[in-house]
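Enquirer: sequence plus the predicted model coming up.
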Amino acid sequence: MNLLNKIKRKWKYFKSRWKFLRVLNSPFKPLKLHWYFGNIERGVPYFFPRKMIKSKNKPGYYQFKYLKYFGFNWCSLGYKTKWSPTDYRFEWSPMFSLVIFGKQLHITVLPKINPSDTRGKTYTGELSSLYIDEYWQAWLVYHYHTDLKLSKKERLKQCKELHPAVWEGANGKINCYDYILKEKYLR
């Protein structure tokens, strides 16, 4: 493989990892950063920060080693499809981890939603994870499965048909679009 093809492949991979930033130019609420600094406690996304090194016991193999002194890990938006192309399951938010001398700086990119804002209704249980899940799942449907030739409002209407995001709770129905969309798209 020549150098130009390698560069093209790396550029394509790099662009796909940062695709989640397109949410900033959509009807969905903007993003915020959640910061953590302290002992190495946060996974990226599931395992503690680690690196791959050549195995000493098996030549030609690699093994993982946890970072203790210095290293950088990151992952993009994690999701999968389940039963149909529009049936997305949110796995993890984009995150970055920097380990310096046994301490970890961990930054998670989250939607800027306020789960305590229940629009005058009272709900029990933890709603924030529901809103984060629905935010990313609805955005994925909006991004990949709506007609790009339409306006944002028409695409949003199409998105709501493909992904309703309405949950039946103990105190009534919860329409997650009321919490994950920018104010001007709620009308």
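Expert: Received the coordinates, thanks.

Enquirer: same for the lowest-mean-pLDDT helix or strand in the chain, what does it pack against?
Expert: Every helix and strand in the chain was compared by mean pLDDT, DSSP states H and E; the lowest is strand 166-169, with a mean of 80. Contacts defined by 3 or more Cβ pairs under 8 Å, 6 or more residues apart in numbering; DSSP states H and E place strand 166-169 against strand 172-175. Every C-beta, even on glycine, is put in place using the N, C-alpha and C of the backbone.

Enquirer: what residues sit buried inside the strand it packs on?
Expert: I174 (16 or more other Cβ atoms under 10 Å).

Enquirer: for the helix or strand just after that strand, give me every contacting residue.
Expert: Counting by DSSP states H and E, the element after strand 172-175 in chain order, helix or strand, is helix 177-180. The contact list for helix 177-180, computed with Cβ atoms under 8 Å, 6 or more residues apart in numbering, reads 28-29, 111, 113-115, 117, 119, 131, 134-135, 138, 160, 165, 186.

Enquirer: what residues sit buried inside helix 177-180?
Expert: Per 16+ other Cβ under 10 Å, helix 177-180 contains these buried residues: 177, 179-180.

Enquirer: pick the one among these closest to F70.
Expert: Proximity of the buried residues of helix 177-180 to F70 (Cβ to Cβ) peaks at I180, which lies at 37.4 Å.

Enquirer: would you map the strands across this protein?
Expert: 31-39, 50-54, 62-66, 70-75, 78-81, 88-92, 95-100, 103-111, 166-169, 172-175 (DSSP state E).

Enquirer: tell me what angle the third one forms with strand 50-54.
Expert: Read that as strand 62-66. Put simply, strand 62-66 runs at 140 degrees to strand 50-54, going by axes from the mean of the first three to the mean of the last three Cα atoms, to 10 degrees.

Enquirer: and strand 62-66, which strands flank it?
Expert: The pairing partners recorded for strand 62-66 under DSSP bridges are strand 50-54 (antiparallel).

Enquirer: just to check, T86 is in contact with P164?
Expert: No - T86 lies out of contact with P164 (Cβ atoms under 8 Å); the separation is 11.0 Å.
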